[in-house]
Structures are given as structure tokens and as C-alpha cells.
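Enquirer: One predicted model, sequence on top.
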Amino acid sequence: MKFICRKPGDKSVEIIRRDAAVISPSLTREYSFVFKKGRDCYIWDVDGRRYLDFAAGVAVANIGHANPEVKEAIIRQLSLGTHCGFSDFYAELPVEFAEYLVSFLPGQLDTVFLSNSGTESVEAAYKLARWHTNKKWVVAFENAFHGRTMGSLSMTKSKPVQRNRFAPFLPVKHVPYPYPYRMNMADGECADYCLERLEDVLRDLRNRCAAVFLEPIQGEGGYIVPPKEFLAGVRELCDEYGVLLCDDEVQAGCYRTGRFLAIDNFGVEPDVVSLSKAIGGGIPLGATVARREIMDWVPGSHANTFGGNLLACAAGLATLRFMEKERLGEKAVKVGAFIKKKLQRMMEDYEIIGDVRGLGLMIGVEIVKDKQTKEYGTKERSSILCNAFEKGLVLLPAGKSVIRICPPLTLEKQDAERGLEILEDSITETENKYRRR
Ligand SMILES: Cc1ncc(COP(=O)(O)O)c(C=O)c1O
């Protein structure tokens, strides 16, 4: 059996062997971590090794692992029943969750469709845009990740392997997303260039385009933060051409960037918002939110079996309450600024750190072979992730050569410091191993 990084402990080896025999090989594992339990910002493998978690189960555990308040809410609901068939019957809990959720969102977003995952919350936004406008085309961005079911996959364009052999896709035009570091442009120039390309496409599709789908910060694509003027420009173009602005907050939402919605940082109000990942506190939950006059589809036009699931809504309600009570947005800003400052100092010292960017606790570190050529340091990135893992820090990749830092928002400064020490040691080892002389 082949192991990524070092060979794990015996119990992990055994489970990985069974996994290989029975689980779909389409999943991507960066290294051989076999989860046993989690508590706040720490996770343990089945061999008893403890790790500091800078991945948060892929941006899900914003409130920390095994959050006691969410656990209490789930246990309470378990004894009352987990499922009510919300698409056919009524229940108070999903209504209460939806009422509370909209209080976190800009004023006009007041109507909620409930589902179970990120791709479903995007799929609902996509179908709603087509329903409401009765138009077929949508625009999405190069490098975007919106999920893997056919509607959201048609808009996803971050890695070729995600799309290979799955054509034909739904009618989507892709336009460039501003990536100032890679496009070698200043922010304003980069925003203008991408807005011009977007306008070209909207002009071509005049009266045929339903929506523009956008991640306010690209996640899987490489934690790419667009210039502020770009998002304002997209809003203006959507208004000018009469298309909806659909905001995919599946990864960046739920206070990860400091504000409940990442798009709030840019002063832009979307027409439709998709949320998932962190919103269920670890239980599968998705929500698509729009203004009442946009969510005008008729009974039967869109529904599902598990949307409004009582366990998920109980967990979601407790999660939102915890986020608000603990002011996780403010924490993300504070600890995120501390991490970013340290990383920016490290960038001066290490040739293989090409860029550090992000908002709140959504931080990307772009690894390159050297700063001059900016050649992708993909091998170097993997080596850093492995080194860090071996030293007890779990990180994830994003894009071609980016390390993503997305810990629970409950992360304390001393744990952040510890994680950064491990990361710096891992970068030092990698730089010594690979550095061109
Ligand atoms: C921005 C964004 N949208 C949608 C999705 C899809 O979510 P899921 O994997 O829950 O279907 C993801 C997942 O990473 C995401 O990051």
C-alpha cells in the first residue's frame, strides 16, 4: 500500500486498507490522516496522535470540533425526532432557523430554501436564477469552484480532473477572475481587465443571461482575494444588464472573513446567497437565500427530501447562536491579522513564499520555486504540507501551489503561534531541500 507522507500508525494503516477496498477512489486525500475525534481546534487520529487543525474539516468547523452547545442541541432534538419531511409538512424548527439566518444577512435577503450541502445550495441558486429570469445562460469565473453536481459543476472550473469526461455542460460562459499576483497587474488594472471581459460576455448574451455566479474570495481555486473595486464593478454590470448576482458563500461565509458574508467586506449586496459548510456546525446543511420577489418559483418547481431536516436545523440554530455570542467574526479578524502579519514577515525571509493574502481566517500562502519567475511550487507545497503534518499541524492545499489556512474561528493566539512555528519549520526544511542554487 502506498502512503502519502510517512507511514501512519497501525490502526490508521488498517483503516486505510479497508477504505481502499470499499470507498470510491474519486476522493482526494492529501495525506494519511484517519480521524478519531476532535475538540475545538485539535483533532486526533485513531493511533492517538494529536494535531492542531488549520483545515477545520475543509472550512466546516468554524465553531470548533465537537462544540458542546451544538452537541446539546442535537441531543435535545434526537429525542424528539430527526426528520419531518419538510417539503410535505410543516415544522417550527426550520422556520426558526430561517428567521434567525436572515437576521445575519443584508436587509433584502429574506426567503430561504433549505438543503444539505454546498453543491445543492448552489444548484438551487442556479435553478432559481433560471426560473426567475426564464433565461438559459449564466456567467461564472475561471478557476471557480461551485460544487460537483451537474449544474454547479458546469460553473466549476478550478481543476481539469473535475470536468474531464463530464461534458456536455449546461450553458455557462467563463470569464477571468482577478488574480493580481498571477496576472502581474496592479489591483485596479486587474479589476478593469476582468470587468471588461465580463462586460464583453454580458453584451454578447444580452437578454439571454440569467445570472453571474461569483465566489467573493475564490476558495478551492487558491484563496484569491479580488480587488475591492472588482466586486462593486460586477454589481454595477449585473444591474446594467439586468442579471442576478449570485454569491457563493459556501466556503467564505459564516464569519470566516470577519463578516458573516465575505461579500460584506466589499460593500456589495448580492441578489442570491448560497451557504453551507460551517452553517450546520458539522451536520450537513445548505441554505439558498434570496429576496421574496426573486424567490417566486411555484410549488413543486424545486424541493428535496432532507431540506429542513430537524437535526440539521437544531445544529444550525445552535451554531449561529454560538457564532454570535462568541463574536467569532471579531475573533477571526484579530487572530487572522496576527497570522497574516507573521506570514508576511516570513515572506521576506523565504524565497519560496511568493504571496500571502486573505481576509480574517481565510488566508492563502502561495508557494513558488522562486520569487522572480513565480513558477508554481507544487512539489514544494506538498512537501510543506507533509512536513507540517508530521509535526502535528493539519493544513490543506488550494489551487496549484497555495497552502490554505482556514482554522476554526475559535483559534486562540497561542495556538495560532504554535501552528505558525510548525509551518515555518516545515517551510525551512522544504526550502533547504528544494531551493535552486
Ligand atoms: C465555494 C464553494 N462552493 C460550493 C462548494 C461545494 O460544496 P459541497 O462539497 O458541500 O457540495 C464548495 C466546496 O468546497 C465551495 O468551496
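Expert: Structure received.
Enquirer: For the residue in the stretch 101-250 of the chain positioned nearest to the ligand, list the residues it contacts.
Expert: Proximity of the stretch 101-250 of the chain to the ligand (Cβ to the nearest ligand atom) peaks at residue 118, 2.1 Å away. Bear in mind the C-beta positions are built from the backbone N, C-alpha and C, glycine included. By Cβ atoms under 8 Å, 6 or more residues apart in numbering, the residues touching residue 118 are 146-147, 250-251, 274, 276-277, 286.
Enquirer: which parts of the protein sit against the ligand?
Expert: Taking Cβ under 6 Å from any ligand atom as the criterion, the chain approaches the ligand at residues 117-119, 122, 145-147, 215, 219-220, 248, 250-251, 276.
Enquirer: And the residues you listed, which two are furthest apart?
Expert: 117 and 215 (16.1 Å; Cβ to Cβ).
Enquirer: Between the two, point out the one with more neighbours.
Expert: Taking neighbours as other Cβ atoms under 10 Å, residue 117 and residue 215 compare with residue 215 leading, 27 against 20.
Enquirer: Tell me where the stretch 151-300 of the chain has helices.
Expert: With DSSP state H, counting those that start in this stretch as the criterion, the stretch 151-300 of the chain has helices at 160-163, 180-183, 187-204, 228-241.
Enquirer: any residues touching the longest one, and which ones?
Expert: It stands for helix 187-204. 139, 173, 175-180, 183, 185, 209, 212, 226-227, 229-230, 233-234, 237, 240-241, 243.
Enquirer: Could you give me the buried positions within it?
Expert: Judged by neighbour count (16 or more other Cβ atoms under 10 Å), helix 187-204 contains these buried residues: 190-192, 194-195, 197-199, 201-202.
Enquirer: Now do that helix against helix 228-241: the angle between them, please.
Expert: Calculated by axes from the mean of the first three to the mean of the last three Cα atoms, to 10 degrees, helix 187-204 forms an angle of 20 degrees with helix 228-241.
Enquirer: Give me the average confidence score over helix 187-204.
Expert: The average of the pLDDT scores along helix 187-204 is 98.
Enquirer: for that helix, the distance to its chain's centre please.
Expert: Chain-centre distance of helix 187-204: 24 Å, with Cα atoms, centre = their mean, to the nearest Å.
Enquirer: what sits against the spatially most central residue of the chain?
Expert: By Cα atoms, centre = their mean, the chain has its centre lying nearest to residue 251, at 1.9 Å. Each residue near residue 251 by Cβ under 8 Å, 6+ apart is listed here: 59, 118, 145, 215, 219-220, 277, 362, 406.
Enquirer: ok, now how distant is the residue of the stretch 251-400 of the chain found nearest the ligand from residue 398?
Expert: At 3.5 Å from the ligand, residue 251 is the closest residue in the stretch 251-400 of the chain, using Cβ to the nearest ligand atom. Distance of residue 251 to residue 398, computed by Cβ to Cβ, to the nearest Å: 9 Å.
Enquirer: try residue 293
Expert: The gap separating residue 293 from residue 398 is 36 Å, by Cβ to Cβ.
Enquirer: In terms of neighbours, single out the busier of the two.
Expert: The residue with more neighbours, out of residue 293 and residue 398, is residue 398; 24 against 10, by other Cβ under 10 Å.
Enquirer: mind checking the backbone torsions on the more buried one?
Expert: phi -150, psi 150 (degrees, to the nearest 10).
Enquirer: Return the distance of it relative to residue 357.
Expert: With Cβ to Cβ as the criterion, residue 398 and residue 357 are 11 Å apart.
Enquirer: Would you agree residue 170 is in contact with residue 154?
Expert: Yes - if you go by Cβ atoms under 8 Å, residue 170 and residue 154 touch, sitting 4.0 Å apart.
Enquirer: Same drill for the two, tell me which one is more crowded.
Expert: Using other Cβ under 10 Å, the more surrounded residue of residue 170 and residue 154 is residue 154, with 22 against 15.
Enquirer: so that one makes contact with residue 173?
Expert: No - if you go by Cβ under 8 Å, residue 154 and residue 173 don't touch, sitting 10.6 Å apart.
Enquirer: thinking again about what came up before, Throw the helices of the stretch 151-300 of the chain into CSV and include distance to residue 423, thanks.
Expert: Formatted as CSV, the helices of the stretch 151-300 of the chain follow (distance: least, Cβ to Cβ, whole Å):
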stretch, distance to residue 423
helix 160-163, 27
helix 180-183, 20
helix 187-204, 27
helix 228-241, 28
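Enquirer: Tell me what residue 45 is bridged to.
Expert: residue 35 (DSSP bridges).
Enquirer: Around it, how many other residues sit close by?
Expert: Per other Cβ under 10 Å, the neighbour tally for residue 45 reads 20.
Enquirer: tell me the contacts of it?
Expert: By Cβ under 8 Å, 6+ apart, residue 45 lies in contact with 8-9, 12, 33-36, 51.
Enquirer: Recalculate using a threshold of 10 Å.
Expert: Residues near residue 45 by Cβ atoms under 10 Å, 6 or more residues apart in numbering: 8-9, 11-12, 15, 32-37, 51, 394.
Enquirer: What pLDDT does the model give it?
Expert: pLDDT at residue 45 comes out at 97.
Enquirer: any idea how far it is from residue 10?
Expert: In this view, residue 45 and residue 10 are 11 Å apart by Cβ to Cβ.
Enquirer: How about residue 238?
Expert: 56 Å.
Enquirer: try residue 100
Expert: Distance, residue 100 to residue 10, using Cβ to Cβ: 46 Å.
Enquirer: Settle it for me: which of those two has more neighbours?
Expert: It is residue 100, of residue 100 and residue 10, that has more neighbours when counted by other Cβ under 10 Å, with 15 against 10.
Enquirer: and the residue nearest to that one when sequence neighbours are not counted, how many residues sit next to it?
Expert: Nearest-residue entry for residue 100: residue 320, 5.6 Å, with adjacent residues in sequence omitted and distances by Cβ to Cβ, 6 or more residues apart in numbering. Neighbourhood size, residue 320 [other Cβ under 10 Å]: 22.
Enquirer: Please consider this matter closed, and thank you.
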